[in-house]
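1. Output the structure for:
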Amino acid sequence: MRTVRESDSKTMVKSDMSKFKTVTKYLFIILTCASVVLMAACVIAGIAIYRSRPERKTASIWKGGGKTSYAHVAVYAKGARANGTSSPLSYVDNNSSLSLSDIEDIHASLQGMIDTASKPKKGSKDKTVKTIAWTDCYSSCLSGTVNPGSPGSGKTYEADIYAVGGSFTSMHPFEFMAGGFITSDTTDKYQVVLNDVASWSMFRSYDVIGKRIGILGKDYTVIGVVREHEDKKARVYISFDCLKEYCSGLDHPVVPAVMSYEAILPEQSSKSAKFDLAGAVPGYSNSSPSFRVVRVTGRYNVFNTLKSESPEGFELPFWEEGAVKAETDIKNAAVAFVFGMVMLTVLLIGKASSAKS
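-> Next up, the predicted model:
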């Protein structure tokens with residue numbers, strides 16, 4: 001009788017062990033598949049985010065087939081608004097803000113550095129002075145009402161108004177749906193470029209070249225329409241000179257502050273362009289948080305995103321907000337990838353250990 005019971009008990013134990021091994025086997029397969037899927041999803045998401053950023057190639061496009069290395073760098077400054085975002089960003093002081101005169105000083109300082117780098121070194125047999133091309137741009141923004149037709153007539157629409165100067169499209173490679181962009185040598189400064197949302201909202205069309213729009217109390221002519229992928233907000237682009245004129249005509253005139261200054265600079269050594277720009281900014285110091293200096297080129301590298309910090313106290317243009325979000329998303333994808341890799345490693349080690357026993 002005891003022998004029969006012992007036999008039944010052993011059979012039950014073997015059955016339970018068999019069930020446990022089966023459950024463990026399927027659990028291992030499920031967790032392994034989940035780890036691999038998680039890692040693959042993170043890689044795909046990271047690549048998609050990287051490819052969605054149009055500014056990632058600006059330096060290489062500028063370089064073309066030349067031998068000089070370039071980097072796209074930017075500085076973001078602060079300012080004050082009298083009445084929310086509908087008021088222009090105004091200059092505060094040289095410890096936190098940038099004015100047009102500051103931009104001229106930065107440009108001159110950077111040109112001096114480049115000229116020095118272009119000269120042949122002492123003792124060198126090659127006495128040829130190199131020609132090193134570079135470019136820059138600047139911008140600010142405010143929100144306001146725009147309307148098709150003359151100012152004050154017809155239906156009004158809310159839009160972000162970006163005032164730009166310099167070679168803006170070199171740093172922001174738009175997809176043009178019609179026309180072109182604002183140039184500094186135009187005889188008519190009252191020209192405007194619409195993004196696709198603004199164009200469709202006001203005219204239900206993208207074929208709007210030559211149309212008239214009222215902006216900030218002035219009559220502007222549409223010269224271009226650009227497609228943007230950043231978000232679905234209506235935006236218009238005007239010359240910075242127009243913003244300067246608007247600020248001087250206010251009841252309480254202000255000096256417009258430059259929100260962002262960007263440049264594509266030659267890079268003589270690793271990441272030197274960022275230091276060159278920082279050194280050219282009046283009032284900048286390494287310990288000061290009043291200016292945000294960014295090396296746009298290479299910023300979406302996984303290791304660079306892990307070191308990136310979220311800006312605090314800065315009002316950023318939409319492209320920098322998108323860039324910061326992209327950095328955060330890539331960072332989160334990298335952390336999730338590492339988690340999946342650790343989980344897969346633990347599973348494989350556990351599987352190997354159980355196989356040996």
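2. and Met177, helix, strand or coil?
-> strand (DSSP: H, G, I helix; E, B strand; the rest coil).
3. do the one 10 residues further on as well
-> Three states are possible here, and by three-state DSSP the one that applies to Thr187 is coil.
4. Tell me, how many residues neighbour it?
-> Number of residues near Thr187 (other C-beta atoms under 10 Å) recorded here: 4. Any C-beta I mention is one placed from the backbone N, CA and C, and that applies to glycine too.
5. Next, the contact list for the closest residue to Ser310 other than its chain neighbours, please.
-> Nearest in space to Ser310, with sequence neighbours left out and distances taken as C-beta to C-beta, 6 or more residues apart in numbering, is Val324 at 6.6 Å. Val324 makes contact with Ser308, Ser310, Pro311, Leu316, according to C-beta atoms under 8 Å, 6 or more residues apart in numbering.
6. Which residue in those residues has the weakest pLDDT?
-> Least confident by pLDDT among the contacts of Val324: that is Ser310, with 79.
7. got the phi/psi numbers for that one?
-> Dihedral angles of Ser310 (phi, psi; degrees, to the nearest 10) stand at phi -70, psi 130.
8. Helices of the stretch 101-250 of the chain, residue ranges please.
-> Along the stretch 101-250 of the chain, counting by DSSP state H, counting those that start in this stretch, helices occupy 168-171, 196-203, 240-248.
9. Point out the most buried one among these.
-> helix 168-171 (a mean of 22; mean count of other C-beta atoms under 10 Å).
10. centre of the chain versus that one, how much separation?
-> 13 Å (C-alpha atoms, centre = their mean, to the nearest Å).
11. Next, the angle helix 240-248 makes with the biggest strand by length in the chain.
-> The residue-count maximum for a strand in the chain (DSSP state E) belongs to strand 135-148. Relative orientation of strand 135-148 versus helix 240-248 (axes from the mean of the first three to the mean of the last three C-alpha atoms, to 10 degrees): 60 degrees.
12. ok, of the contacts of Val324, which come out buried?
-> Ser308, Leu316 (16 or more other C-beta atoms under 10 Å).
13. for the contacts of Val324, which one is nearest Val197?
-> Of all these, Val197 sits closest to Leu316, with 19.5 Å by C-beta to C-beta.
14. Run through the bridge partners of the residue nearest to that closest one when sequence neighbours are not counted.
-> In space, and not counting its chain neighbours, Leu316 is closest to Tyr76: 6.1 Å by C-beta to C-beta, 6+ apart. Beta bridges link Tyr76 to Ser260, Arg292 when assigned by DSSP bridges.
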